[in-house]
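Enquirer: For reference, the sequence and a predicted model appear below.
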Amino acid sequence: MNVYIDPSFIINKENWSLIASESICKICKGILYNPIQCSKCQLIFCKQCIENKAKNKNYINFNHECKNADYQNHPIISDLEKLKFKCKNGCNEEIPYLELENHYTKNCSKIDFKSKYLEYKDKYESLLQKFKELENQQINNDIEINDIQIEDENNKQINIDNQKTTFKSKYHDHELKYNSLFWQNWECSICSSYFEPKTKSGFYCDECYFYICSKCQMLEKMGDKFEDIFKSIEHKHLLKKNTKNNGWRCDVCKSSFSGKIERFSCKKYNNDFNIYCDFDMCMSCVDNELFKNRYQIKTENQNNNINININYI
């Protein structure tokens, strides 16, 4: 409710004349509403005027500098309760002092509820938009913090490893070298993130065009598995999971496919032939290669156990 209560709308003037001199708020200059008294200067104010003044120092030009003051309800409320008012909207009702807020916000027949609805709707949508902006800002901050933490962990791990400047990834055949800041544009071969010069550290292969950002390097060292990439013995480059709408052929088993079918493919630029790779590998061939790798590892482990037993005997 608007704090200001105009004395000219009072019906029972005789009651008002008895208390008029001490019933005016020093801030809004209207009739006191929910009156409270300052414990230091003893002045009486509307409760909402003090709250508005605390939120906005420029709210109505009135200097009230009582710092750390306490406010108590003032007994003049018992005299104010006797006052009755005409409706300022012109609805011809007599309104008791204690019913002013309910009347002007809910009960007055002259209230334009459609305008009120549109007003509150605009406020709601404005607040909702601000909330979404703050939420997105928080998400971006969390992502940045997470990247910084991973970067920090990566740097700590490098220090722990006696300042090692090389890294052997299971997704590449050659040993990778560390570079704190690349001087050219580059793209991580694992997550496909693109980086501007002198913005991100990472590892690279000086024999071929393979890069891995510090975040992916740290995730690999922590044991994370990248399900969307595959290192095959059938192709020199790293393969990434893809879906094609048109027809394509597996370059391993030579089978042809059509429609949206998952497979692993390579679209990397081949510097040996100055063309882009167009290598596709169907999921069946991927599964077969994974099975052979597991079988080979299991066989090697069994052979090692046999040799250990024989040497023991």
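Expert: Cool, the structure landed.

Enquirer: Give me the below-cutoff pLDDT ranges for this protein.
Expert: Low-confidence segments of the chain (pLDDT under 70): 1-3, 57-61, 114, 143, 146-147, 149-164, 224-225, 244-245, 269-276, 295-313.

Enquirer: Show me how it divides into domains.
Expert: 7-111, 166-312 (automatic domain parsing).

Enquirer: Off-centre distance for the last one?
Expert: On the basis of CA atoms, centre = their mean, to the nearest Å, domain 166-312 sits 32 Å off its chain's mean C-alpha point.

Enquirer: what's the answer for the first one, then?
Expert: Averaged C-alpha coordinates place domain 7-111 at 43 Å from its chain's average position (CA atoms, centre = their mean).

Enquirer: That one: end-to-end distance?
Expert: 21 Å (CA to CA, to the nearest Å).

Enquirer: re the thing from before, between the domains of the chain, which gets nearest to N136?
Expert: The closest of those to N136 is domain 166-312. By CB to CB, the value is 20.1 Å. Placement of C-beta: from N, CA and C, glycine included.

Enquirer: D6 contacts K88, doesn't it?
Expert: Yes: with contacts counted by CB atoms under 8 Å, D6 reaches K88, the gap being 6.8 Å.

Enquirer: Tell me which of those two has more neighbours.
Expert: Per other CB atoms under 10 Å, whichever of D6 and K88 has more neighbours is K88, with 17 against 12.

Enquirer: ok, the closest residue to that one other than its chain neighbours to D112 distance?
Expert: Distance criterion CB to CB, 6 or more residues apart in numbering; nearest residue to K88, sequence neighbours excluded, is F9 at 5.7 Å. Distance from F9 to D112, counting by CB to CB, to the nearest Å: 20 Å.

Enquirer: could you pull out the helices for the stretch 201-313 of the chain?
Expert: Ranges of helices within the stretch 201-313 of the chain are 214-221, 283-312, based on DSSP state H, counting those that start in this stretch.

Enquirer: Centroid-nearest residue for the protein?
Expert: I139 (2.0 Å; CA atoms, centre = their mean).

Enquirer: Done for today, thanks.
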